[in-house]
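Chemist: The following comprises the amino acid sequence and a computationally predicted model.
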Amino acid sequence: MTDKSRLKNAEIDWSEGLPQSAAFEDIYFSQESGIAETEHVFIQANDLQQRFAAISTATKPQPTFVIGETGFGTGLNFLCARRAWLEHANSSAALHFISCEKYPLTLTDLTQAHQLFGEEPAISEGCRQLQQLWPQPVSGFHRLSFDQGRIQLTLLYGDATEMLSQLNARIDCWFLDGFAPSKNPQMWQEELFAQLARLSHGTTTLATFTCAGLVKRGLTGAGFEIRKVPGYGRKREMLVAQYQGVESQYDGASQPWLKRPPQPAKPGRVAIIGGGLSGATTAFALARRGYQVDLFEQNEEIASEGSGNPQGALYAKLPAKPTPQSRLHLSGLDFTIQLLRALDLSDGEIADLCGLLQLGLEPKELSRFQQLIENGAYPEEVVRWVSQSQASELAGTECSSPALYFPAAGWVSPQRFSEFLVQHKNISVRPLAKIDRIEQQPDGWVLDSGRQTYPNVVLCTAWRTDLIEPLHRLGLKPIRGQTTWAIAQPGVQLKSVVCGKGYISPAIEGQYCFGSSFVIGDESTALREDEHQHNLQILEDSLPRLAQTLRHSPFKGKAAQRAASRDYLPLVGGLCQQDAMKTSYQGLKTDAKMKFSGDAPWLSGLYVNLGHGSKGLITCPISAEIIAAQINSEPYPIEQQLVDLVSPQRFTVRDLIRSEG
């Protein structure tokens, strides 16, 4: 995939009263009735009302139906599919709607287009949610949650073929939409039809408004059986199709250890070990899918160790030129923001999306900031340059330098956020439950020789991995961090989060939280005065006036360990038996690009969500979605390439490649 993140928004011509693409000179929906057209071309032609009603909840707590679309446009097709789903599907099931869009509308144009759809409550409520969650114009996957999780919209911003090549999903139904082949021939290529086939299965259907020859040839060549049916309005005919080709065994993952782990025959309860932010987000992701979750926490209260600070900065530190790692962090930031909005948690008690300033305190840092802006890789909705005076105005106090401003970022209380998430009715919290041993049985995993067998267990224990070291050594390390808490004083009121060499958030309940120290390998949790003074000094470097008001305040704080991996990315997903991997994939010692077939030596039902370091607020929620997608066999929320980045097997593979043959 390309590393270019910024997209061009669609240029809309409103001269005729309807949205028309200025670039492709084509309309977005029918002049007669866009809703009626969508109902005919996509909903009825794919028999969706009957298929939605027939979905059974017998096999897993939350069965899914997956629609794939080329060309999101105004979202009309999605809004009609949402309406049909809410009217006809079982309330325990979930609709995944996955749609590609290379030129997304601005929010202004989207809102104007929605005004043409009428006042029907089911449509207008969908419009309201879509406008509220509309993502920033950044290439890649954007997962949006509607209707308390019953409907998941994943927008794939970028070229359709390129985006679909990164999709790991099984599509039940295709809406082959977009501008007409005569207007947009670049989209309707052989590679697109090949991706449609790769993602389809034996009962996948497809509908499209066009009967163009290249579309008929492309679909037929890819394994679809097509037929013509009456079109809508002035269009005499359209196409419907069903996939008849061979189901692809390639899910987008290039090697066996990167594929989805196998699932148990019966779902059963899920055990999560560790009640920090990682464990809480994982528990919530599974609980809202209907899974019964037992959350084991060794302390009396959850989120009392590394996730125990009253506030943490919510943002992604971006490089001047986007990388896969920065795309992962930006996707995670976007997902956390969307989750907070969907749960209505950004009111200042649990979180506040008040904006964030990243100060350029060193010449080298300022130079990087300038390069980032000049490269134009990120839209202003994500980040923009502000002068020192502008930064000071945004912060509400004197800043020491110019800054990058992240208008949608802010702060989150990881402890309060975790406490909120585990209140879900499907989560049972088990405090003072230190798990010392897990044992694999034919039907699952047993914890501490107990009677309960769990088909799936997720380890969320930060850097502590002794439970699984006989099976797989992950090599995580602790990093001590101490934050300082001080009572807010009169005279200065911080309005936004400020990051420099450390961070500070606006006061919560009359108290500032700032820091943090960074000591690798130190497992002590004792508070240290020298680290309080260190935190005060780095605050003074950024916000001298504010620091001065706090200099003589009594300091409290918290010291805990962050968990770091060798590459400072988390380890997320199903786990393999390490020794068996070393035996099975020895060929990597002599050929780093050797391809393998067959199944990896999975530790069936064992998952990890570890090593989030200081980035847990942007990596824990999206990582929880990856694990939930694996356990519930549903589409990934991010690109396959980014899922590969956090594979728990990556260090075993790298060590094999780097060892001598």
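Modeler: Here it is on my side, so go on.

Chemist: can we go C-alpha only for contacts and neighbour counts from here?
Modeler: Fine.

Chemist: Buried ones in stretch 82-99, by neighbour count?
Modeler: 82-86, 88-90, 92-99 (16 or more other C-alpha atoms under 10 Å).

Chemist: I'd like to know which of the residues you listed is nearest to Pro230.
Modeler: Ala84 (21.6 Å; C-alpha to C-alpha).

Chemist: Contact partners for the nearest residue to Gly502 once chain neighbours are set aside?
Modeler: Leaving aside its chain neighbours, Gly502 sits nearest to Gly515 (5.3 Å; criterion: C-alpha to C-alpha, 6 or more residues apart in numbering). Contact analysis of Gly515 by C-alpha atoms under 8 Å, 6 or more residues apart in numbering lists 482-484, 502-504, 535-536, 538-539.

Chemist: Buried subset of the residues you listed as a ChimeraX selection?
Modeler: In ChimeraX, a selection of the buried entries from the contacts of Gly515 looks like this (16+ other C-alpha under 10 Å):
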select :482,483,484,502,503,504,535,536,538,539
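
Chemist: Which members of the contacts of Gly515 occur in helices, if any?
Modeler: Cross-referencing these against helices under DSSP state H gives 535-536, 538-539.

Chemist: Show me this structure divided up by domain.
Modeler: When the chain is parsed with automatic domain parsing, its domains come out as 12-243, 256-305+416-476+567-658, 356-407+481-558.

Chemist: ok, back up a step: next, the residue nearest to Gly502: phi, psi?
Modeler: Phi and psi for Gly515, reported as degrees, to the nearest 10, are phi 160, psi -160.

Chemist: ok, back up a step: go through the ones in helices among the contacts of Gly515 and say which is closest to Ala271.
Modeler: Nearest member of the ones in helices among the contacts of Gly515 to Ala271, counting by C-alpha to C-alpha, is Asn535, at 37.9 Å.

Chemist: I'd assumed Ser517 was in contact with the closest one.
Modeler: Yes - with contact defined as C-alpha atoms under 8 Å, Asn535 reaches Ser517; the gap is 6.8 Å.

Chemist: Mind listing the shared neighbours of the two?
Modeler: What both Asn535 and Ser517 touch, as defined by C-alpha under 8 Å, 6+ apart, is the set Thr483.

Chemist: Assign Ser400 to helix, strand or coil.
Modeler: Of the three states, Ser400 takes coil according to DSSP: H, G, I helix; E, B strand; the rest coil.

Chemist: wait, what's in contact with it?
Modeler: Contacts of Ser400 by C-alpha under 8 Å, 6+ apart are 359, 361, 388, 541-544.

Chemist: quick check, nearest of the buried residues of stretch 82-99 to Ile67?
Modeler: Phe97 (4.8 Å).

Chemist: my read is the closest one is in a helix, agree?
Modeler: No - counting by three-state DSSP, Phe97 falls outside a helix, being strand.

Chemist: tell me the pLDDT at it?
Modeler: With respect to pLDDT, Phe97 scores 98.

Chemist: cool, and Ser553?
Modeler: 88.

Chemist: That one and Ala486 touch, don't they?
Modeler: Yes - here Ser553 reaches Ala486: they are 6.2 Å apart, a contact under C-alpha under 8 Å.

Chemist: more neighbours, these two?
Modeler: Ala486 (19 against 13; other C-alpha atoms under 10 Å).

Chemist: Within the sheet, what are the partner strands of the strand or helix carrying the more buried one, with directions?
Modeler: Assessed by DSSP states H and E, Ala486 sits inside strand 477-487. According to DSSP bridges, strand 477-487 forms sheet pairs with strand 511-515 (antiparallel), strand 519-520 (antiparallel), strand 556-564 (antiparallel).

Chemist: what sits up against the helix or strand following that strand?
Modeler: Counting by DSSP H and E, the element after strand 477-487 in chain order, helix or strand, is strand 497-499. For strand 497-499, contacts defined as C-alpha under 8 Å, 6+ apart pick out 313, 354-359, 395, 410-411, 503-506, 542.

Chemist: which residues sit against the helix or strand bottoming out on mean pLDDT in the chain?
Modeler: Lowest on mean pLDDT, DSSP states H and E among the helices and strands of the chain sits strand 26-27, with a mean of 78. Contact with strand 26-27 is made by 18-21, 179-180, 183, as judged by C-alpha under 8 Å, 6+ apart.

Chemist: ok, Cys80 - how many residues close by?
Modeler: Neighbour count for Cys80, taken as other C-alpha under 10 Å: 19.

Chemist: for it, what are its contacts?
Modeler: Neighbours of Cys80 in contact, by C-alpha under 8 Å, 6+ apart: 35, 38-39, 43, 123.

Chemist: between these, which has the most around it?
Modeler: Result: Thr38 is most packed of the contacts of Cys80 (other C-alpha under 10 Å), 23 neighbours.

Chemist: Go ahead and list the helix or strand containing the closest residue to it other than its chain neighbours.
Modeler: Sequence neighbours aside, Asn77 is the residue nearest to Thr38 in space, at 5.9 Å (criterion: C-alpha to C-alpha, 6+ apart). With elements taken from DSSP H and E, the one containing Asn77 is helix 76-88.

Chemist: do the same with Leu130
Modeler: helix 121-133.

Chemist: Which secondary structure state is assigned to Gln112?
Modeler: On the basis of three-state DSSP, Gln112 is classed as helix.

Chemist: where does the stretch 451-600 of the chain dip in pLDDT?
Modeler: Counting by pLDDT under 70, the stretch 451-600 of the chain contains no low-confidence range.

Chemist: where exactly do the strands run in the stretch 551-661 of the chain?
Modeler: Under the criterion DSSP state E, counting those that start in this stretch, the stretch 551-661 of the chain contains strands at 556-564, 571-576, 602-610.

Chemist: Restricting to C-alpha, output stretch 526-539 in PDB.
Modeler: Coordinates of the C-alpha atoms in stretch 526-539 are reproduced here as PDB (Å, rounded to 0.1, in the frame of the first residue of the first chain):
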ATOM      1  CA  ALA A 526       7.400   3.800  44.900                       C
ATOM      2  CA  LEU A 527       6.900   7.500  44.400                       C
ATOM      3  CA  ARG A 528      10.200   9.500  44.100                       C
ATOM      4  CA  GLU A 529      10.700  13.200  44.700                       C
ATOM      5  CA  ASP A 530      13.400  13.500  42.000                       C
ATOM      6  CA  GLU A 531      10.900  12.200  39.400                       C
ATOM      7  CA  HIS A 532       8.300  14.800  40.600                       C
ATOM      8  CA  GLN A 533      11.000  17.500  40.100                       C
ATOM      9  CA  HIS A 534      11.800  16.000  36.700                       C
ATOM     10  CA  ASN A 535       8.100  16.200  35.700                       C
ATOM     11  CA  LEU A 536       7.900  19.800  37.000                       C
ATOM     12  CA  GLN A 537      11.000  20.800  35.000                       C
ATOM     13  CA  ILE A 538       9.700  19.300  31.700                       C
ATOM     14  CA  LEU A 539       6.400  21.200  32.400                       C
END
